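Asker: Quick one, fold the following:
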Amino acid sequence: MLRDLGVPAIFVRSAADFAGVRALVIPGGESSTMLRLMETEGLAQRIVERTRSGMPVLATCAGVILVAETVVPNQPSLGLLSVEAERNAYGRQVHSTVARIQVAPALGPPPQMDAVFIRAPRITCNDPSVEVFGTWHDDPVLVRQENILAATFHPELTKDSRVHQTFLSMTEAKNG
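Answerer: Model (predicted):
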């Protein structure tokens, strides 16, 4: 999606790859494996430091689990976003779905968008400082807290680029 929007993107797999990064997308995948790989490569602490210093982050699906302060069932996380995230809350892989979610006016029209949920986490509790940008069945599924934008779904799997455009706006505001 970023390439489609004309933004050069690189894969960050090591601390060396992270050196020149101005904004970070933490994608979906298997959160405990991703955290283990980050620790092995020395990335977890660098991500925490850079995020706390204001680097924009887009976390999607398992990325939300990685940035959440609290994870259910309990597992380590980076503890950057003031939410509680419940793993696989909408069901296993066979329960994956495309749903129509409600989005905040800040994302622009129309007031709904398609969202692809694949073994998605559910945000079960969030701090008042977390702004809800999207809901599905009254659950927050797209949230923002300062420099972190988090989607419990996979926004890159639809043609709607508003989540990524919001992230790019955050990046431009931070980096000029």
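Asker: now this structure, which segments are flagged as low pLDDT?
Answerer: Residues of the chain that meet the criterion pLDDT under 70 lie in 91-95, 176.
Asker: Go through the lengthiest helix in it and flag the buried ones.
Answerer: The longest helix of the chain (DSSP state H) is helix 162-175. For helix 162-175, burial by neighbour count (16 or more other C-beta atoms under 10 Å) applies to 162-164, 166-168, 170-171. Any C-beta I mention is one placed from the backbone N, CA and C, and that applies to glycine too.
Asker: same thing with stretch 89-109?
Answerer: For stretch 89-109, using 16+ other C-beta under 10 Å, the buried residues are 89-90, 99, 101-103, 107.
Asker: Redo these as a markdown table? Include distance to residue 42 and secondary structure.
Answerer: Shown next, in a markdown table, are these (distance: C-beta to C-beta, whole Å; DSSP: H, G, I helix; E, B strand; the rest coil):
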| residue | distance to residue 42 | secondary structure |
| --- | --- | --- |
| 89 | 31 | coil |
| 90 | 33 | coil |
| 99 | 37 | strand |
| 101 | 36 | strand |
| 102 | 40 | strand |
| 103 | 36 | strand |
| 107 | 35 | helix |
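Asker: Go through those residues and say which is closest to residue 23.
Answerer: residue 107 (18.1 Å; C-beta to C-beta).
Asker: Please look at that closest one and residue 163 and confirm they touch.
Answerer: Yes: applying C-beta atoms under 8 Å, one finds residue 107 in contact with residue 163, separated by 7.5 Å.
Asker: Return the list of helices and strands in contact with the longest helix of the chain.
Answerer: When contacts are defined as 3 or more C-beta pairs under 8 Å, 6 or more residues apart in numbering; DSSP states H and E, helix 162-175 sits against strand 57-60, strand 148-151.
Asker: Kindly present these as TSV, with separate columns for mean neighbour count and distance to residue 121.
Answerer: Output for the helices and strands packed on helix 162-175, formatted as TSV (neighbours: other C-beta atoms under 10 Å; distance: least, C-beta to C-beta, whole Å):
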stretch	mean neighbour count	distance to residue 121
strand 57-60	27	10
strand 148-151	28	10
